[in-house]
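Visitor: Predicted model, plus sequence, below.
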Amino acid sequence: MENKNYTIKDIARMAGVSAGTVDRVLHNRGDVSVSSREKVQKVLDDIDYHPNMFAIGLAAKKRYHIVCIIPYYIEHDYWHAVAAGIDRAAQELRPFNVEVSYLYYRHADKSSYKEACAVLREENADAVLVAPNFREETIKLTTYLEEADIPYAFIDFNIEQTHALCYIGQDSKTSGYIAAKILMRSYEKGQELVLFLSNQKNNPAEIQMQRRLEGFMQYLSEEHKDLTIHDIVLHKEDTDGNRRILDAFFKEHPQAVLGAVFNSRVYQVASYLHEKGWKLAGLVGYDLLHKNTEFLKTGEVTFLIGQRPGLQGYCGVKTLCNHVVFKRPVTAVKYMPIDILMKENIDFYFEFE
């Protein structure tokens, strides 16, 4: 249809409804019958209607507040990238009277997570972006948000039993399946596999890691039923203890030349290998932390699975803003690509233009 500026009265006339009905559809306010909504939506689709967002921002008397609940971070780690994406979205949305703030918690620390959730109740939030950690505590949080009619979205991990407006992140189980598939391409008969697990592997906060492992093991059960698999549990902070564990393991299992890590700390294994002057036939891990990518370039890590944390943060805030401020429809699930990085392509990888 011819491109022009349509008024609410124009749209109402074309749809055969009142101007008030069009206004309620556009701003998602009040009750509108299904038939009237469909008539208005058909006209909007036909004319490729897009509201003037800048005009909406200038005209809005209300200021909007989006609260983001994410783990504490340090420079160059995974959550630092998430926050960078959130900050980018916040900067873009500032002209539309949108304020974005943070509540932080310590990852895998239930009391810290509960405290952040409790503080949120004191915030004047119009929407909430959550990086969920503990299932039970998250369900308590989302129950409160639903009762208060505050929309929320998840990033990084999805808890399906809730009524989140949107989930933005990877399909964790599928990423684990793919990790196994690419790692096992280099498998030769007689080789053994070692899974480098975290001492937090059974923590209720580590649901994503558990789902990655589930997908990984599904592929192995389908394609490599007779493969010898070992588990090693490494500790986040105990470098010396990890070194002793790895020394003993590799001395006893020289055929264990394929490895997988299901969290962001593949650098722990890669650093050990680098010190020894060793390289496994294949080692796969997650996330483009600076330490991980350095070992990818030097060859101790064979593959990294990237999940675009910055884009998750950016899309999470923009999605909530589209719903709350601009009254746009949003998609319930926005899966991030499962990016496979190796030393040959890591220098060409970026999240944003």
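Guide: Thanks, I have the structure now. Residues are numbered from 1 along each chain as shown.
Visitor: What ranges does the protein have for its strands?
Guide: 64-71, 98-105, 127-130, 152-155, 166-169, 192-198, 229-234, 256-261, 282-286, 303-306, 333-335, 339-341 (DSSP state E).
Visitor: so what does the third one touch, helix or strand wise?
Guide: Using 3 or more Cβ pairs under 8 Å, 6 or more residues apart in numbering; DSSP states H and E as the contact criterion, the secondary-structure elements in contact with strand 127-130 are strand 64-71, helix 135-147, strand 152-155, helix 309-324. In short, each C-beta sits where N, CA and C put it, glycine included.
Visitor: Kindly export it (C-alpha atoms) in PDB.
Guide: Taking Å, rounded to 0.1, in the frame of the first residue of the first chain, the C-alpha atoms of strand 127-130 are listed here in PDB:
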ATOM      1  CA  ALA A 127       9.700  -4.300  34.000                       C
ATOM      2  CA  VAL A 128      12.400  -6.800  35.200                       C
ATOM      3  CA  LEU A 129      15.100  -8.600  33.400                       C
ATOM      4  CA  VAL A 130      16.300 -11.700  35.300                       C
END
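Visitor: Give me the below-cutoff pLDDT ranges for this protein.
Guide: 1-5, 27-30, 50-61, 201-205, 352-353 (pLDDT under 70).
Visitor: Next one: the residue sitting nearest the centre point of the chain from Val130, what distance?
Guide: Taking Cα atoms, centre = their mean as the criterion, Asp156 is the residue nearest the geometric centre of the chain, at 2.5 Å. Between Asp156 and Val130 the distance is 9 Å, computed by Cβ to Cβ, to the nearest Å.
Visitor: Switch the helices and strands packed on strand 127-130 over to JSON lines; also include distance to Asp46 and mean neighbour count.
Guide: Shown next, in JSON lines, are those (distance: least, Cβ to Cβ, whole Å; neighbours: other Cβ atoms under 10 Å):
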{"stretch": "strand 64-71", "distance to Asp46": "30", "mean neighbour count": "23"}
{"stretch": "helix 135-147", "distance to Asp46": "35", "mean neighbour count": "17"}
{"stretch": "strand 152-155", "distance to Asp46": "30", "mean neighbour count": "27"}
{"stretch": "helix 309-324", "distance to Asp46": "22", "mean neighbour count": "24"}
